[in-house]
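Q: mind looking at a prediction? Sequence and model below.
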Amino acid sequence: MNNPELAVVGLTCNVVGVFFLANSIRFREPRKALRDALGVAGRSLLKVRDTALNNMQVIIGFLFLTTGFLLQIVAQWDMELNTLLSCAGIIAFAGAVYAIGAYSSRRAFRRLLREFFQSQHWSFQDDMELTKEIGEILGVPHTKDMTVEAYVHRVRQALGVKAEPKAGSPSERARRIALPR
C-alpha cells in the first residue's frame, strides 16, 4: 500500500516534532552560565519555569516525531510477514540495547561515585538528603530505627570511604594544621 498523502502528513509531523525539540534546547549566554556555575547568579524562578517548558516541548516533539515516522511506515507498509518480523526484531533488539545500556550506565555511575568520594573529603552527615540518595543508588538499606551515624557508616562502606577521623585525633589536628590559610 503506497499512500503518498499519508507519507506527506507523516513528514509534516516530523517537521513539527523537530521544531519543538530544537526549541527545547536551552542555549545560555556564557556570562550567565559562568555566574550560575560559580553560584553568584541572582535567585530566580525563571530557570525552573524554563525547565518545565523545555520538558513539555521535548515530550510534544517526540510525540510528533513518533507519529510522523509511524505514519510514514503505514504509508509504505506492504503487509508481508517478513516485514512485520523484521520490525519486531528491530524493536526487540532496541529493547535489549536499552536494557544493557541502562544497566551499564548505573554501574558506571556507581563507580564514578566511589571514585569521587574516595578522592574527596566529604561530610555525609551535613547533607543527609544527598547521603540517602547516594545510599539508594548504592542499594544501602535504610530502616526507621537506624541511627544517622549507622546509616552514614554503611554508605561510607558501600563507597569504600574510610571513616572520618575524630575531631580531636592527631590526624585531624595535623590535617587542620596542614590546610592553607
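A: Here it is on my side, so go on.
Q: helices or strands up against the longest helix seen in the chain?
A: Ordering each helix of the chain by length in residues (DSSP state H) puts helix 81-119 first. Judged by 3 or more C-beta pairs under 8 Å, 6 or more residues apart in numbering; DSSP states H and E, the packing partners of helix 81-119 are helix 128-138, helix 148-159. Quick note: C-beta positions are derived from backbone N, CA and C, even for glycine.
Q: the domain parsing of the chain - what is it?
A: The chain resolves into domains spanning 1-79, 121-178 when parsed by automatic domain parsing.
Q: export those domains to JSON lines and tack on mean neighbour count and mean pLDDT?
A: Conversion of the domains of the chain to JSON lines gives the following (neighbours: other C-beta atoms under 10 Å; pLDDT from 0 to 100):
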{"stretch": "domain 1-79", "mean neighbour count": "13", "mean pLDDT": "81"}
{"stretch": "domain 121-178", "mean neighbour count": "13", "mean pLDDT": "79"}
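Q: now distance to Arg114 too, for the ones you listed, in JSON lines please.
A: Output for the domains of the chain, formatted as JSON lines (distance: least, C-beta to C-beta, whole Å):
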{"stretch": "domain 1-79", "distance to Arg114": "25"}
{"stretch": "domain 121-178", "distance to Arg114": "5"}
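Q: buried stuff in the longest helix of the chain?
A: 110, 117 (16 or more other C-beta atoms under 10 Å).
Q: how far is that helix from where the chain is centred?
A: Remark: helix 81-119 is offset 14 Å from the chain centroid, using C-alpha atoms, centre = their mean, to the nearest Å.
Q: please work out the angle formed by the directions of that helix and helix 148-159.
A: Per axes from the mean of the first three to the mean of the last three C-alpha atoms, to 10 degrees, the angle that helix 81-119 makes with helix 148-159 is 120 degrees.
Q: just want the angle from helix 81-119 to helix 128-138.
A: Going by the same axes, to 10 degrees, helix 81-119 makes 130 degrees with helix 128-138.
Q: counting contacts, what elements does the strand or helix carrying Met56 pack onto?
A: For Met56, the host element (DSSP states H and E) is helix 46-76. Other elements packing on helix 46-76 under the criterion 3+ C-beta pairs under 8 Å, 6+ apart are helix 4-24.
Q: what angle do the helix it packs on and helix 46-76 make?
A: Counting by the same axes, to 10 degrees, helix 4-24 lies at 160 degrees to helix 46-76.
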